[in-house]
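Visitor: got a structure for you, letters missing:
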């Protein structure tokens, strides 16, 4: 059976990627070699693991039973490598992680560069997306999540907080009476973010107000798109401060009602309790937490 361990790993990767071609690209092998490895494994076992069609692959009953065993074997092997890696002077390995797309130019991405410089033998594969992704389903070692934690089976570490502001383009604000209260801006054209609850809570001193912004003319699924459309002077929205800062300082964007603050979004590193790359994942999470606290800044008043 030892001769077929590599075949089993290739089989698991095909299942994870959903096709021979995608698995071959990920493994840097020819698709024909990947297909042949799975066929050889099936011949050795005397069963069909995958049903092939022109459109997709599907696990057989035996394949569904076999796949989690292979995944567990690979996870244990990687954990063993991690334990040995922890004894070495220099961490080695590859981590796959996801971040919200609007954090591509944030200080957190800069911290990842610092991590790579400090640990030159650790490689990172980063996916930027504003859509929530599952760790186990998507094969990530670690996710960075903003303001939402809904899976108690995961390990989480708070990295810091990202502040938010209510903003609109300078020309848009100039075309309307100057707002004095939150009620004054509630009727303004709203640019909505699909993944966000539009009941926005504001705080000033000891007073709290929850304002529903439901009269949106435009709805998008990207924070970067929110920034773009706010800059086009077609409405008001809430943006992370690191995206709005340049526009506010230049005068192109107006920070509305700055005496009212919004609750900051918590920033979390999340990873499986039984991570495939436990030591490297924990190393990265600790590095991010320490550096994020160091770089943390407040919004100037």
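Guide: On my side now, so go ahead. Everything numeric in this text was worked out from a predicted model, so none of it was measured.
Visitor: tally of neighbours for residue 20?
Guide: 24 (other CB atoms under 10 Å). Every C-beta, even on glycine, is put in place using the N, C-alpha and C of the backbone.
Visitor: which ones are touching it?
Guide: 14, 31, 34-35, 38, 57 (CB atoms under 8 Å, 6 or more residues apart in numbering).
Visitor: if we go to 6 Å?
Guide: 14, 31, 34-35 (CB atoms under 6 Å, 6 or more residues apart in numbering).
Visitor: Need the residue closest to the centroid of this protein.
Guide: residue 99 (2.8 Å; CA atoms, centre = their mean).
Visitor: what secondary structure does the closest residue to it other than its chain neighbours sit in?
Guide: The shortest distance from residue 99 to any non-neighbouring residue, by CB to CB, 6 or more residues apart in numbering, is to residue 144 (4.5 Å). Secondary structure, DSSP: H, G, I helix; E, B strand; the rest coil: residue 144 is strand.
Visitor: Thought residue 102 was touching residue 144, still the case?
Guide: No - using CB atoms under 6 Å, residue 144 is not in contact with residue 102; the gap is 11.4 Å.
Visitor: sorry, back to before: name whatever forms a beta bridge with the residue nearest to the centre of the chain.
Guide: residue 128 (DSSP bridges).
Visitor: follow-up on the earlier one: list only those of the contacts of residue 20 flagged as buried.
Guide: 14, 34-35 (16 or more other CB atoms under 10 Å).
Visitor: what's the closest of those residues to residue 6?
Guide: residue 34 (11.0 Å; CB to CB).
Visitor: Return the backbone torsion pair for that closest one.
Guide: Phi and psi for residue 34, reported as degrees, to the nearest 10, are phi -70, psi -50.
Visitor: That one reaches residue 24, doesn't it?
Guide: Yes - applying CB under 6 Å, one finds residue 34 in contact with residue 24, separated by 4.5 Å.
Visitor: residue ranges with poor pLDDT in the stretch 101-250 of the chain?
Guide: 134-137, 148-153 (pLDDT under 70).
Visitor: Tell me where it has strands.
Guide: Assignment of strands within the stretch 101-250 of the chain using DSSP state E, counting those that start in this stretch yields the ranges 122-128, 142-146, 154-162, 164-169, 190-193, 199-204, 207-212, 216-220, 236-240.
Visitor: quick one: which of those is nearest residue 251?
Guide: Using CB to CB, those put strand 164-169 closest to residue 251, at 10.4 Å.
Visitor: Neighbouring strands - and their directions - for the closest one?
Guide: Here, using DSSP bridges, strand 164-169 pairs with strand 236-240 (antiparallel), strand 253-255 (antiparallel).
Visitor: Not counting the shortest one itself, show me its contacts.
Guide: By CB under 6 Å, 6+ apart, the surrounding residues in contact with strand 253-255 are 165, 167-168, 170, 173, 244, 247-248.
Visitor: Check the offset of it from the chain's centre.
Guide: Distance of strand 253-255 from the chain centroid (CA atoms, centre = their mean, to the nearest Å) equals 28 Å.
Visitor: State the next helix or strand along the chain beyond that strand.
Guide: strand 261-262 (DSSP states H and E).
Visitor: partners of the residue nearest to residue 99 in the sheet?
Guide: residue 269.
Visitor: could you check the distance from it over to residue 78?
Guide: Distance, residue 144 to residue 78, using CB to CB, to the nearest Å: 21 Å.
Visitor: who has more neighbours, those two?
Guide: Just comparing residue 144 and residue 78: by other CB under 10 Å the higher neighbour count belongs to residue 144, 23 against 18.
Visitor: Quickly note the distance from that one to residue 204.
Guide: Relative to residue 204, and taking CB to CB, residue 144 is found at 30 Å.
Visitor: now swap in residue 45 and tell me
Guide: For residue 45 relative to residue 204 (CB to CB), the value is 67 Å.
Visitor: what's the answer for residue 232, then?
Guide: 29 Å.
Visitor: now swap in residue 168 and tell me
Guide: From residue 168 to residue 204 the distance is 19 Å (CB to CB).
Visitor: out of these two, which sits in the busier spot?
Guide: Applying other CB under 10 Å to residue 168 and residue 204 shows that residue 168 carries more neighbours, namely 26 against 13.
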